[in-house]
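[1] Only the shape, not the letters, is given here:
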């Protein structure tokens, strides 16, 4: 049992694949709402049209390319808010967060 491979599934949280699929659909929807072709969004973002197609169709993309596309569509502020504040499910977890705020390294 490899602890690094263990993922805690919390009720209400979807799998990472589901989140990627949802973001791909949202990017495509935002692109179409702005009446942008893949080629035009590629030009605006600096991400190739082939990469855009692969993301919209298969959900495959690098984080750098995803951010470039989101910024080109006007979502830089929303990206900066992602994970802006700590999340916790128990008081113990909140106490750990508050204790570890200045940590520079993790340990396991």
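    On my side now, so go ahead. If you're wondering where the values come from, they're calculated on a predicted model, not measured in any experiment. Numbers count the residues shown, from 1 in each chain.
[2] gap between stretch 35-53 and the chain center?
    In this view, stretch 35-53 has its centroid 19 Å away from the chain centroid, taken as C-alpha atoms, centre = their mean, to the nearest Å.
[3] Going by neighbour count, list what's buried in that stretch.
    Neighbour-count burial for stretch 35-53, with 16 or more other C-beta atoms under 10 Å as criterion, is recorded at 36, 38, 41-42, 44-45, 47, 51-52. All C-beta spots, glycine's among them, are computed from the backbone N, C-alpha and C.
[4] On the three-state scheme, the nearest residue to residue 22 once chain neighbours are set aside is what?
    Distances taken as C-beta to C-beta, 6 or more residues apart in numbering place residue 14 nearest to residue 22, at 7.9 Å, with adjacent residues excluded. Recorded secondary structure, residue 14: coil (DSSP: H, G, I helix; E, B strand; the rest coil).
[5] distance of residue 14 from residue 106?
    When C-beta to C-beta, to the nearest Å is the yardstick, residue 14 and residue 106 sit 25 Å from each other.
[6] more neighbours, those two?
    The neighbour count for residue 14 versus residue 106, taken as other C-beta atoms under 10 Å, is higher for residue 14 (10 against 6).
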